[in-house]
Each structure stands twice: as structure tokens, then as C-alpha cells.
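# When you get a sec, could you give me coordinates for this:
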Amino acid sequence: MKRSLTLPLSGAFLFWAAEAALLARLPGFGLAGAVIAALVVTAALAGSLFALRLPRRVLVLCAVLGALLLLARTLFFARETSDFTDFLLPWTEKLRRLGGLRGLGRAISNYNVPYMVLLALFSYLKIPVLYLIKLSSTLFDLLLALSLGLMVRRLGSGVRGGVCFVLTLALPTVFINSALWGQCDSVYVSLGLLGLWLCLAEKPGWGMAAFGLSFAFKLQAVFLLPILFPLLLAGKVKWFHLPIFPAVYLLAVSPAILAGRKFLDVLLFYVNSASTAGSGLNYNSASMYSLLYFYRLTDTDAAAKAGILAAALLCLLVCVLFLIKRKRITERSILFASLLLCCGLPMLLPHMHDRYFYFCDVLTLCTACLLPAAAPAVLLSQLASLLGYHAYFFRRYLLPMRFGFYGLVLTALLAAFLFLDALFAPDKTPPKGKKAALDKSPSP
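Next up, the predicted model:
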């Protein structure tokens, strides 16, 4: 065996053994299941690091830190939450009684078909579904870290991409969301950001497929989807790539149709389930509806419509600015606009929940890895989200949610400044022809 392969193979074996040992200690997991699950996680980590193409020293450091962060997640797999006991577990048990995938023919949840497919597959296994849910979220944590790392590598450097990869896995909201809460936010967010990177990397077909799959998993993918307009203007996506989005969405929800559900019911799932969002203006989120003014309102319908209108105007404004400066669109302006949308839209929209700033949380980190001066935005976004997380876990507020809103206002202003600066600032790079002429001029 070549000496260059000894270290990575030894490290992979140690991580696999440690992960398998931790999983085997969980009640009901079993040794065989632990060995296979640990192998899957090890392969996912190795594949992610390989795809980042990091310098050797950075690769070793990222591998060690990434492995430790994944092992730390395993320590919290046995923790149950009310979302699991009240929703995810009963849905899985019902699918098991209905025959697994055949149960998709019944409408039994307010989650769209792709995630229910995962629960249906889990229903066939003897491993407790709690562990399988958290294990799947952990794998998508890796995809999220990879997507952001690739983005930073493309717009910055390989070293910064590696830093972003590790910090994403360490980000408190990302860690808590998967390891403690067992939620699926890393699923649709990782797919959405992977789609953005693929489009920037001149792979628009795969990018549109990732966007379509992201939207199929969760409606909140719409926070990022307006960015398709500048991608079209910049030529990163062509008009003939757009049909891939609905085609992938239809493919993702087709298991329910094949199981017997009505085509229109499945196709219009988000429209039909709109009432499940609740009638409250705010659900432990740092949106503008966390301000005291909205708690005193009696006409909440008018306030909700005003928020929707404001969100639509924000999207329109961003698109108009891109249209005006369509010849100066850069990949950085697209990234900063993504942050502005994913921060601004859930701030303005009604019925937002505690986890709906997940896009914002990770995009602030991505921005900070490119521009370290933007690091305070990471703290502000984390504060806003963690206040909502605290309210869920402890059933009380650590601080009023409006404090998180104030922090997000600053984050949105920073994103707006970076976006406008990238789009309107004078180009300091000389034209290619002029630069070539200068290069050829004699030295003084």
C-alpha cells in the first residue's frame, strides 16, 4: 500500500470504528445496523472532503474536526422532542401499518411526499425511527457543509472553503436542528444551496434538479428561488433548463400518485395544506411580527397581507436592480442577494416559525468566510434563531423575540450593502484589451 494512502485510510477506519461503537450503544440499534450506518457516514464524510479538493494540511485538519463534530452529534441521537413523539413517530407508525410505501396513498401529514418517502422506508427497518431520522439529517448536514464549502472555494479559496465546511458543521443552529431536534431543515436548505452552486459552476441542468428537489421537500425553499431570475439574466441558466424544475418536483411526489392519491391533490399539496401554517402572525420567530405593535393588533388579516405585499416588493426590487445592472451581474452579487432574500423574506412574511431563518443562518456564515468583516452577522443571525430554539425547548423566552428581529435588521442591511456594492460599485479591473496593452508596454 502506498504511504500516501496509509494516513487517510487509518483515519477513516478510526472514525468508522468510533461511530459504530457510539451507534451500537444506542438502545435498539444493534451491532449490524451500527456497522452499516457508520460505514455510510464515513463514506459521506470522505466523499465530501474529496469533493472539496483541499490542500493536504487543511484536508487533515478538516477531516479531524469534521469527524469529531459528527461523533458529537451521535451523542444526542437518543434525545426525543415533542415534534418527534407527536408527529414524526405517529406518521411512521401509520405508514408501517399501511404497508410502508403503499401508505403514501393516504394523506397523513402536513409534510410533502419526499420526506414521507423517507419515513416510509424507515418503517421497514427494525432500527428505531428516531435514530434513522437524525442520521438522515446528519447526512444532509454534510451535504450542506459541502455545498457551502464549494461556494466559498469558488468565490474565495480552497482554504476558506475548508474553514466554511467545518464551521457549518459546528454552527449551533445546524447542530441542534439535526442532532437534538431531528428536523429536516438541512435537507431542503442543502439541496437549494447545492442547486445555487451547480448553476454558478455552469451545471444548470443539475442545478435546476436540485432546486426542484429542495422545493419538493419543503415550501420554505421559496426564500431562495427568486435568485433564479438573476441566474437567467447572467446566462448561468437558460430558459430551456427551467422545465427541469417542475419535472423533478413531479418525479419527487410521484410515489404518492403511484400509491393511489389523486394527482391534483399531490400536485397542489402546498396550496391545500396552507391552512396548517396556523392563524398566528408569529410562531417563535424573529420576524417583524415579534414587535410589540403586532401583539396589540386586532385586524391580523390586514397585517398578514401587508407583510406578504412587503415581501413581494422586496423580491421585485431585487429583480429590478438585477435587470437594470444585468451586464454587471457577478457571482458574488448573486450570493449576497441570496442572503438578502433569505433574511428579508422570513422577516416580512407572516406565520413564520422558529426554524425558518435556517437559510439565513448558513448564508451569513458563507458570507463571513468570504468577507471576515461580516462575521458579526453570523452572531446576529444565530441569536435570532437560537431565541426561537430556546423558546421551543424550554417553553419560555430567554429574551423577547424582537431582540432577534433587531439583529436581523442589521444583517439585512449588511446584505443589502454587499449586494448593492457588488452590483453598482465601479469595476476596478481594467478591460482585457487595455490590460494586455499595458502588459506589453516597455518598462520605464
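
# for Thr389, what are its contacts?
To be clear, residue 389 is Tyr; Thr isn't right here. Counting by Cβ atoms under 8 Å, 6 or more residues apart in numbering, Tyr389 touches 173, 176, 181, 354-355. No exception for glycine: its C-beta is placed from N, CA and C like everyone else's.

# run the last query once more with 10 Å
172-173, 176-177, 180-181, 284, 354-355, 382, 398 (Cβ atoms under 10 Å, 6 or more residues apart in numbering).

# Can you go through those and name the buried ones?
173, 176-177, 180-181, 284, 354-355, 382 (16 or more other Cβ atoms under 10 Å).

# Torsion angles phi and psi at the residue nearest the centre of the chain?
In the chain, the residue lying closest to the centroid (Cα atoms, centre = their mean) is Val189, at 2.0 Å. The phi and psi torsions at Val189 (degrees, to the nearest 10) take the values phi -70, psi -40.

# how much space between Val362 and Tyr293?
According to Cβ to Cβ, to the nearest Å, Val362 and Tyr293 sit 30 Å apart.

# got it, and Leu7?
Relative to Tyr293, and taking Cβ to Cβ, Leu7 is found at 59 Å.

# hang on, the earlier thing: Val362 and Tyr293: which is more packed in?
More neighbours surround Val362 than the other of Val362 and Tyr293, with 29 against 10 (other Cβ atoms under 10 Å).

# Tell me which residues touch that one, please.
Taking Cβ under 10 Å, 6+ apart, we find Val362 in contact with 144-145, 147-148, 164, 167-168, 171, 173-174, 185-186, 189-190, 193, 339, 342, 378, 381.

# switch the cut-off to 8 Å
Applying Cβ under 8 Å, 6+ apart to Val362 gives the contacts 144, 148, 168, 171, 174, 189, 193.

# Let me have those residues in CSV, extended by secondary structure and pLDDT.
Converted to CSV, the contacts of Val362 look like this (DSSP: H, G, I helix; E, B strand; the rest coil; pLDDT from 0 to 100):
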residue, secondary structure, pLDDT
Leu144, helix, 98
Leu148, helix, 98
Thr168, helix, 98
Leu171, coil, 98
Val174, helix, 98
Val189, helix, 98
Leu193, helix, 98
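
# which two of those lie the greatest distance from each other?
Of all pairs drawn from the contacts of Val362, the greatest distance, 13.4 Å, lies between Leu171 and Leu193 (Cβ to Cβ).

# show me where this protein has strands.
For the chain, the strands defined by DSSP state E occupy 282-283, 352-353.

# most neighbours per residue, which of these?
The highest average neighbour count among the strands of the chain, using mean count of other Cβ atoms under 10 Å, belongs to strand 352-353 at a mean of 22.

# Could you please name the strands that strand pairs with and the direction of each pair?
strand 282-283 (parallel) (DSSP bridges).

# Any chance you could list what contacts the partner strand?
Under the contact criterion Cβ under 8 Å, 6+ apart, strand 282-283 has outside partners 289-290, 294, 350-354, 401.

# the bottom helix or strand of the protein by mean pLDDT?
helix 432-440 (a mean of 36; mean pLDDT, DSSP states H and E).

# where does the stretch 1-150 of the chain have low pLDDT?
Counting by pLDDT under 70, the stretch 1-150 of the chain has low-confidence residues at 1-4.

# cutoff 80 now
Residues of the stretch 1-150 of the chain meeting the criterion pLDDT under 80: 1-8.

# Surely Leu198 is in contact with Ser214?
No: Leu198 is not in contact with Ser214 according to Cβ atoms under 8 Å; the separation is 11.6 Å.

# so can I have a markdown table of the contacts of strand 282-283 showing distance to Leu386 and pLDDT?
Formatted as a markdown table, the contacts of strand 282-283 follow (distance: Cβ to Cβ, whole Å; pLDDT from 0 to 100):
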| residue | distance to Leu386 | pLDDT |
| --- | --- | --- |
| Tyr289 | 18 | 96 |
| Ser290 | 14 | 95 |
| Phe294 | 22 | 87 |
| Pro350 | 22 | 95 |
| His351 | 21 | 93 |
| Met352 | 15 | 95 |
| His353 | 14 | 94 |
| Asp354 | 9 | 93 |
| Met401 | 11 | 96 |
